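1. Would you be able to build a 3D model of this:
(2 chains)
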There are 2 protein chains.
Amino acid sequence: VPDPGSADELLAGASAGDRGALARLLTLVERGDDAGRELSRATFGLAGGAWTVGITGAPGAGKSTLTNRVIAALRARDQRVGVLAVDPSSPFSGGALLGDRVRMGDHALDEGVFIRSMASRGHLGGLASTTPEAARLLDAAGFDWVLVETVGVGQVEVEVAGATDTTVVVLNPGWGDAVQAAKAGLLEVADVFVINKADRPGAQEAQADLEAMLDLSSSHLATDGWRPPIVPVVALTGEGIPALVECLLAHRDALDADQGRPLAARRADRLEAEVEALLVARLRRRVLDAAGPVWAATLDQVRAGRLDPWSATDAVLATLDPALADRAPATGGGDPESS
Amino acid sequence: VPDPGSADELLAGASAGDRGALARLLTLVERGDDAGRELSRATFGLAGGAWTVGITGAPGAGKSTLTNRVIAALRARDQRVGVLAVDPSSPFSGGALLGDRVRMGDHALDEGVFIRSMASRGHLGGLASTTPEAARLLDAAGFDWVLVETVGVGQVEVEVAGATDTTVVVLNPGWGDAVQAAKAGLLEVADVFVINKADRPGAQEAQADLEAMLDLSSSHLATDGWRPPIVPVVALTGEGIPALVECLLAHRDALDADQGRPLAARRADRLEAEVEALLVARLRRRVLDAAGPVWAATLDQVRAGRLDPWSATDAVLATLDPALADRAPATGGGDPESS
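-> I've put the predicted structure just below:
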């Protein structure tokens, strides 16, 4: 049994600026075992002060360059900035290939910046529950802002980008980029749009297209009347970054309005999704453990082609609590659990 | 209660070439309710004759153009071809945005081609269990080849591309594309590499880089000594497509060797992963149903900030079968269930 004190000790160290302690804590979070669970409980009460920002968009949209600029702008305001890079194409994540998982880039020597790449495979709960947990940890460790960079393709990755206080969707001019973003489900999660590489031809058309799309879509106006602003930026030169930071602050103010009710509701919705992801992950582990011999025998049948997947899962579910196993499956009318 | 006969009837119709019946069956598969389950049982025994090919790569790599060329090449050999487009950036999937989910492109009038875009959100089991089920359905309906086009970014999407008999990873010259593919986990799933746009500068370097990567990585040689060939292609003109088709056939022959043992093992591994994905999806639905009032009360606590995610999931798990709920979580040594 791991010593819960060790997580607390690391947490104290991380809050005091010990980067090694923080790195070890993030590893505990990624592992998701007992130590991670104690840590989860310890950090939960301490978090809430940081503002989390998701930065997402297609590969090549310039998310990492933009993230670098935003870090610098926030540092100029004396804000401490933690970064979680979920994007496999991010240079921040380069270490995942090169064996050195943490890369600091321009901010290597800045004590007020901490950058961590998140492995996208191999955790208990997957990105959907590990990333928010890691963000809370950076929050509890005293970072004022937590930036979450994810690639804006892939069902899990788009969800993770959306699970932040302010979600920035990065597009480029030309390329029918806005249409691709729409297909990937990015428009729904955007609180702020950035048109990066805005010095290229087509930037104004892209902005006009996007405005037209926003006009057509009522969903963006549902959240407390906030209409996502569209910020033209040239991340390479830094042009437009101050305007972007102003938009982040304006969105924060909007969510803080009405005694913080919009923010509280948004964070509560995210927590709910996170709890569900964690529940599913833990159930999976437990059921596969509990159904051990039945599971192995069933898989043998499946492998031999004697049992189809639905019948196989029926067999495993039948070994569980009758309250679960005998429950009739939902009939007709689609899947009430899907979303 | 739906009539199981209706699925059988539709299946007979689909096998006789009724495209409307096939489309309705695919909708049943996506819904994942009782009718889909009967269908799953019915198709399982009928499938196995088709060869499934995953085609994946970064957005913009030219997957759809390549897929179109492969369809044409297979049609020239009198093969019937079904296509499942999971890629939100694929023109085949354009209908998901435009309200018309099925697009035929160049093959609109060809009875031997059926193209379907798969919604990436909203099913019971997600893409990981729905796509193989849909592929089996096309197989059972008599298609000789099933092509599965997925975007090669995102944890689920890469898995789905890998869950085919032959997985084709599409790269472009320049751009450090191979390094990005490595980070996204694409190298591990590749049976055949295509360097598309091979008329551009850097194609030879890309091929050499990839060969060097394959030399370094022993994992690619693990599957029965098959080393992924690298095929330069210009999908726009069709250059290299015959060589690609030869590689697909060579890989099929390789898996068919030794009385089909490599193929059987590969398909069995995939089925196992699929069954697990389905099990988790069904468990999730049942547990959320069974734990109904506890779940709602727990979420209220979480939303109010009084309960952290781990403690919340403890509370829900405690309402289940003691065999599951009281099981001590795995301690230390990482997560035995992760992969």
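
2. Give me the secondary structure label for residue A:148.
-> With DSSP: H, G, I helix; E, B strand; the rest coil as the basis, residue A:148 sits in strand.

3. in the sheet, who's paired with it?
-> residue A:54, residue A:84 (DSSP bridges).

4. In contact with it, which residues are there?
-> A:52-55, A:83-84, A:86, A:131, A:135, A:160-161, A:164 (Cβ atoms under 8 Å, 6 or more residues apart in numbering or on different chains). For every residue, glycine as well, the C-beta is placed using N, CA and C.

5. Look up how far chain B lies from it.
-> Separation of residue A:148 from chain B (Cβ to the nearest Cβ, to the nearest Å): 15 Å.

6. Kindly report the same for residue A:269.
-> 8 Å.

7. just residue A:187 next, same as before
-> 10 Å.

8. Let me know the helix or strand that that residue is in.
-> Per DSSP states H and E, residue A:187 falls inside helix A:186-189.

9. same for that helix, what does it pack against?
-> strand A:51-57, helix A:155-162, strand A:166-171 (3 or more Cβ pairs under 8 Å, 6 or more residues apart in numbering or on different chains; DSSP states H and E).

10. list the helices and strands the longest one packs on?
-> Here helix A:155-162 is seen to pack against strand A:51-57, helix A:127-140, strand A:145-151, helix A:186-189, helix B:155-162 when contacts are counted using 3+ Cβ pairs under 8 Å, 6+ apart.

11. rewinding a little: please pick the buried ones from the contacts of residue A:148.
-> Burial by neighbour count, judged by 16 or more other Cβ atoms under 10 Å in any protein chain shown, picks out A:52-55, A:83-84, A:86, A:131, A:135, A:160-161, A:164 from those.

12. Residue A:211 - nearest residue in space that isn't next to it in sequence?
-> Leaving aside its sequence neighbours, residue A:211 sits nearest to residue A:230 (Cβ to Cβ, 6 or more residues apart in numbering or on different chains; 6.7 Å).

13. what bridges to the one you found?
-> Beta-bridge partners of residue A:230, as defined by DSSP bridges: residue A:193.

14. ok, how many other residues are close to it?
-> Burial of residue A:230 is recorded as 19 neighbouring residues (other Cβ atoms under 10 Å in any protein chain shown).

15. list the contacts for it?
-> Neighbours of residue A:230 in contact, by Cβ under 8 Å, 6+ apart: A:193-195, A:207, A:210-211.

16. which two from those end up farthest apart in space?
-> Greatest spatial distance among the contacts of residue A:230 (Cβ to Cβ): A:194 and A:211, at 14.3 Å.

17. Neighbour count for the two, which is higher?
-> residue A:194 (30 against 13).

18. That one and residue B:230, how far apart?
-> Per Cβ to Cβ, to the nearest Å, residue A:194 is found 37 Å from residue B:230.

19. again with residue A:287
-> 42 Å.

20. Next, the buried residues of stretch A:47-64.
-> Those would be A:47, A:50-64, for stretch A:47-64 by 16+ other Cβ under 10 Å.

21. how long is that stretch end to end?
-> 26 Å (Cα to Cα, to the nearest Å).

22. again with stretch A:173-187
-> Rule used - Cα to Cα; the end-to-end distance of stretch A:173-187 is 16 Å.

23. Could you do stretch A:149-167 as well?
-> Length of stretch A:149-167, first residue to last, Cα to Cα: 10 Å.

24. which residue does the stretch 101-250 of chain A bring closest to chain B?
-> residue A:154 (1.7 Å; Cβ to the nearest Cβ).

25. That residue: what's it in contact with?
-> Contacts of residue A:154 (Cβ under 8 Å, 6+ apart): B:151, B:153-157.

26. mind redoing it with 10 Å?
-> A:86, A:88, A:120, A:127, A:160, A:184-185, B:88, B:120, B:127, B:150-158, B:184 (Cβ atoms under 10 Å, 6 or more residues apart in numbering or on different chains).

27. Point out where chain A drops to low pLDDT.
-> A:1-5, A:87-106, A:108, A:119-126, A:174-180, A:183, A:217-224, A:320-339 (pLDDT under 70).

28. Check the offset of the longest helix seen in it from the chain's centre.
-> Criterion DSSP state H: the longest helix present in chain A is helix A:241-290. Offset of helix A:241-290 from its chain centre (Cα atoms, centre = their mean, to the nearest Å): 9 Å.

29. Ok, stretch A:24-33 next?
-> On Cα atoms, centre = their mean, the centre of stretch A:24-33 falls 16 Å from that of its chain.

30. Please provide the alpha-carbon coordinates for it, formatted as CSV.
-> Extracted C-alpha coordinates of stretch A:24-33, given in CSV (Å, rounded to 0.1, in the frame of the first residue of the first chain):
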residue,chain,number,x,y,z
ARG,A,24,6.5,13.0,-10.3
LEU,A,25,3.0,13.9,-9.3
LEU,A,26,2.0,14.1,-12.9
THR,A,27,3.3,10.6,-13.4
LEU,A,28,1.2,9.5,-10.5
VAL,A,29,-1.9,11.1,-12.1
GLU,A,30,-1.1,9.3,-15.4
ARG,A,31,-0.7,6.0,-13.7
GLY,A,32,-4.1,6.3,-12.0
ASP,A,33,-3.3,3.8,-9.2
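
31. in chain A, which residue is closest to the centre?
-> residue A:160 (2.8 Å; Cα atoms, centre = their mean).

32. give the contact list for that one.
-> A:54, A:56, A:84, A:86, A:118, A:120, A:126-132, A:135, A:148, A:150-151, A:154, A:189.

33. at 7 Å what do you get?
-> A:86, A:127-128, A:131, A:148, A:150 (Cβ atoms under 7 Å, 6 or more residues apart in numbering or on different chains).

34. so how far is residue A:40 from it?
-> 17 Å.

35. List the buried residues in stretch A:198-215.
-> For stretch A:198-215, by 16+ other Cβ under 10 Å, it's A:198, A:202-203, A:206-207, A:209-210, A:213-214.

36. ok, so of these, who is nearest residue A:169?
-> For the buried residues of stretch A:198-215, the nearest to residue A:169 is residue A:210 (9.6 Å; Cβ to Cβ).

37. Alright, that wraps it up for me.
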